[in-house]
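>>> Based on what follows, work out the 3D shape:
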Amino acid sequence: MSSPTDTAPDRLGGLLEEHAALETELADPAVHADQARARRLGRRYAQLAPLVETARALDAARDDLAAARELAAEDPSFAEEARGLETRIEELTDRLRSLLLPEDPDDDKDVILEIKAGEGGAESALFAGDLLRMYLRYAERRGWATEVLDAVPAELGGYKDVSIAVKSRTDEGIWSRLKFEGGVHRVQRVPVTESQGRIHTSAVGVLVLPEAEEVDVTVDPNDLRIDVFRSSGPGGQSVNTTDSAVRITHLPTGIVVSSQNEKSQLQNRESALRVLRSRLLAAAREEAAATASDQRRSQVRTVDRSERVRTYNFPESRISDHRVGFKAHNLDAVLDGELDPVIDALTRAHTAELLAAGS
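Have a look, this model is predicted:
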C-alpha cells in the first residue's frame with residue numbers, strides 16, 4: 001500500500017505550508033481588527049488541523065518504528081512493539097489518505113436551510129414543522145446559532161415554507177455536516193385529522209445551501225426587481241399593517257426569494273438578499289460541476305435535491321436513509337435533534353466513494 005505522502009507529496013506539502021502561514025497570520029493582532037477575515041482564517045486553520053496532526057503523528061510513528069526495528073535486531077522483546085507501530089502506521093496512513101481527498105470548497109461555510117411542504121397538504125405542513133424543530137434542536141445540541149429568515153405558517157399548524165440561517169459560533173463548518181440533508185423527506189404516520197386510523201404518506205422538501213458571503217457572489221442592483229407587500233399569517237390574515245414584506249426577483253436567472261418574518265422592510269430586504277446570494281452561489285457551483293470530472297458530478301448527485309432521501313415511519317419508530325441503507329428505531333430521539341449517527345453514516349459513505357474513485 002502506497003503512502004499518501006508518496007502519492008500526493010505536493011498536495012500534502014502545500015497544505016502543511018498553508019497551515020503554517022495561517023498560524024502566523026492569526027498570531028498577528030492586526031488581523032483580528034477585521035473580524036470577518038479573522039473568522040474566515042480561523043475556520044480554515046481549524047479545517048486543516050486534523051490533517052496536520054495526522055501527518056505529524058505518522059512521521060513520529062515512522063521514526064519510532066525505525067528505532068524499534070534497530071532495537072529488535074539486538075533484543076527480540078522489541079519485535080512486538082514494532083508490530084504495534086506497523087499497525088498504527090497503517091491506520092494513520094489510511095486516515096491521512098482520507099484527509100487528502102479533494103475538498104468541498106463550501107465545507108467551512110454556514111448554511112441556509114429551507115423546508116417546504118409538499119405532497120400531503122395539512123399533514124405535510126405539520127411535518128415541515130417537525131423537521132424545523134429537529135434541525136433547530138440539532139443546531140442547539142452542537143452549539144450553533146439559528147435565525148428564522150422567512151416563515152409561511154399553515155392554517156392547521158406547521159409551515160408551508162420556512163427558511164432558517166444556521167451559523168457556527170466557532171470555527172466548525174456547518175455545510176460539512178448538513179450538506180447531505182437536501183432532498184425529499186417522507187413521513188408515514190396517522191394524521192391527527194384521520195378518523196379511521198389509517199397511515200398516510202406525506203412528503204416535505206429540504207433544500208440546504210451554503211451561505212454566500214458578499215465576496216462570493218456579486219449581485220448587480222440593476223438585475224433585481226424588488227416588490228413590497230403586506231405580511232400575512234395563516235389563512236391570509238394580516239399580521240402587519242404596513243408593506244414590510246419583500247419579494248426579490250433576480251431577472252437574469254428568474255430566481256425569486258421573499259422574506260416577511262422581520263418587522264421592517266429593510267430587514268426583510270437583507271434577509272431575502274442573503275437567500276438570493278446563497279441560491280446564486282449554489283447555481284454557480286452546480287453549473288461548474290456539470291463540466292467537471294465524473295468524480296465531482298457524483299458528489300452533486302449525492303445531494304440531488306430531487307431524490308427521496310429519507311423516510312420517518314412513526315408506527316415503527318423507524319428512520320431510514322435510502323442512500324446508505326441506514327436504519328434506526330429511535331425516531332423520537334432523531335426528531336429531538338439526535339442526527340449525528342445518520343449524518344456520520346452519510347459522511348463515511350461519501351468518503352468511501354471518493355476513496356474508491358481515486359484508487
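>>> in whichever strand or helix holds Val257, what counts as buried?
If you go by DSSP states H and E, Val257 is part of strand 255-259. By neighbour count on 16 or more other CB atoms under 10 Å, the buried set for strand 255-259 is Val257, Ser258, Ser259. All C-beta spots, glycine's among them, are computed from the backbone N, C-alpha and C.
>>> same question, stretch 188-201
So stretch 188-201, judged by 16+ other CB under 10 Å, has buried residues Arg189, Pro191, His200.
>>> quick revisit: now do the strand holding Val257: everything it contacts.
149-150, 163, 245-250, 268-269, 271-272, 275-276, 279-280, 283 (CB atoms under 8 Å, 6 or more residues apart in numbering).
>>> Of the buried residues of strand 255-259, which is the nearest to His32?
Ser259 (32.0 Å; CB to CB).
>>> about what we covered before: report the buried members of the contacts of strand 255-259.
Of these, these count as buried by 16+ other CB under 10 Å: 149-150, 163, 245-250, 268-269, 271-272, 275-276, 279-280.
>>> Among those, which ones are in strands?
Leu149, Asp150, Ser163, Ala245, Val246, Arg247, Ile248, Thr249, His250 (DSSP state E).
>>> What pLDDT does the model give the last one?
Looking at His250, its pLDDT reads 93.
>>> got a list of what it touches?
Here His250 is in contact with Val219, Asp223, Leu224, Val256, Leu276, Leu280 (criterion: CB under 8 Å, 6+ apart).
>>> How about the first one?
With contacts taken as CB under 8 Å, 6+ apart, Leu149 has the following neighbours: Ile112, Ser163, Ile164, Ala165, Ser259, Asn261, Ser271, Arg274, Val275.
>>> do that again at 7 Å, thanks
Contact analysis of Leu149 by CB atoms under 7 Å, 6 or more residues apart in numbering lists Ser163, Ile164, Ala165, Ser259, Asn261, Ser271, Arg274, Val275.
>>> measure it to Leu276 for me?
11 Å (CB to CB, to the nearest Å).
>>> for the fourth one, same thing?
Applying CB to CB, one obtains 15 Å for the distance of Ala245 from Leu276.
>>> tell me the phi and psi of Lys263?
Dihedral pair for Lys263: phi -80, psi -20, per degrees, to the nearest 10.
>>> picking up where we left off before, turn the buried residues of strand 255-259 into CSV, including distance to Gly129 and pLDDT.
Shown next, in CSV, are these (distance: CB to CB, whole Å; pLDDT from 0 to 100):
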residue, distance to Gly129, pLDDT
Val257, 21, 91
Ser258, 19, 89
Ser259, 19, 87
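>>> Next, format the ones in strands among the buried ones among the contacts of strand 255-259 as a markdown table and append distance to Asp28.
Formatted as a markdown table, those follow (distance: CB to CB, whole Å):
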| residue | distance to Asp28 |
| --- | --- |
| Leu149 | 35 |
| Asp150 | 39 |
| Ser163 | 37 |
| Ala245 | 44 |
| Val246 | 40 |
| Arg247 | 44 |
| Ile248 | 39 |
| Thr249 | 43 |
| His250 | 39 |
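>>> okay, who's weakest in the contacts of Leu149 by pLDDT?
Within the contacts of Leu149, lowest confidence goes to Asn261 (80).
>>> Counting neighbours, what do you get for that residue?
Counted with other CB atoms under 10 Å, the neighbours of Asn261 add up to 20.
>>> Might you report the residue contacts of it?
Val148, Leu149, Asp150, Ala151, Ser271.
>>> Among the residues you listed, pick out the one closest to Gly129, please.
Ala151 (9.9 Å).
>>> Isn't the closest one up against Tyr159?
Yes: look at Ala151 against Tyr159 with CB atoms under 7 Å: they come within range, at 5.9 Å.
>>> And stretch 279-289, what's buried?
Buried, per 16+ other CB under 10 Å, within stretch 279-289: Arg279, Leu280, Leu281, Ala282, Arg285.
>>> so what's the backbone phi/psi at Val206?
Dihedral angles (degrees, to the nearest 10) for Val206: phi -120, psi 130.
>>> just Gly118 next, same as before
Dihedral angles of Gly118 (phi, psi; degrees, to the nearest 10) stand at phi -130, psi -130.
>>> Around it, count how many other residues there are.
There are 17 residues near Gly118, going by other CB under 10 Å.
>>> What distance do you get for it to Ile164?
Relative to Ile164, and taking CB to CB, Gly118 is found at 18 Å.
>>> And Asp216, by the same measure?
Taking CB to CB, one finds Asp216 at 20 Å from Ile164.
>>> And those two? Which one has more around it.
When Asp216 and Ile164 are compared for neighbours, Ile164 comes out ahead with 20 against 16, by other CB under 10 Å.
>>> Just list whatever residues bridge to the more buried one.
Note on Ile164: beta-bridge partners by DSSP bridges are Leu113, Val148.
>>> which ones are touching it?
Leu113, Thr146, Glu147, Val148, Leu149.
>>> low-confidence ranges in the stretch 201-350 of the chain?
The stretch 201-350 of the chain contains residues with pLDDT under 70 at 214-215, 232-242, 288-307.
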